[in-house]
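Peer 1: what's the 3D shape of this:
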Amino acid sequence: MQKINAHALMQQALAAMPKGERLLLHSCCAPCSSAVLEQLAAHCRVTLLYANPNIWPEEEYIRRRDEQRM
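Peer 2: Now for the predicted structure:
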């Protein structure tokens, strides 16, 4: 089984994307989206959509939500 090079795929996608495009990015938590955001922010105007109703307990949901706001 061949391993997927996610970084190379991201670079290809960014190269094909016109600079300044608007992008809506779903994010379930800050750690999952932080590395992607660094790359996308240089190419796009990014809006994050934080949504994950499966996070439990509520305190964990709120903690992750608040991390996204920083």
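Peer 1: Contacts only, for Ile4.
Peer 2: With contact set as CB atoms under 8 Å, 6 or more residues apart in numbering, Ile4 has no partners. The C-beta positions use only the backbone N, C-alpha and C, and glycine is treated the same way.
Peer 1: for Glu59, helix, strand, or coil?
Peer 2: Following DSSP: H, G, I helix; E, B strand; the rest coil, we place Glu59 in the helix state.
Peer 1: number of nearby residues for it?
Peer 2: By the criterion of other CB atoms under 10 Å, Glu59 has 9 neighbours.
Peer 1: pLDDT at it, what is it?
Peer 2: You'll see Glu59 listed with a pLDDT of 93.
Peer 1: give the contact list for the spatially closest residue to Cys28 that is not a sequence neighbour.
Peer 2: Nearest residue to Cys28 in three dimensions, chain neighbours excluded: Asn52, at 4.2 Å (CB to CB, 6 or more residues apart in numbering). By CB under 8 Å, 6+ apart, the contact list for Asn52 reads 28-29, 61, 64.
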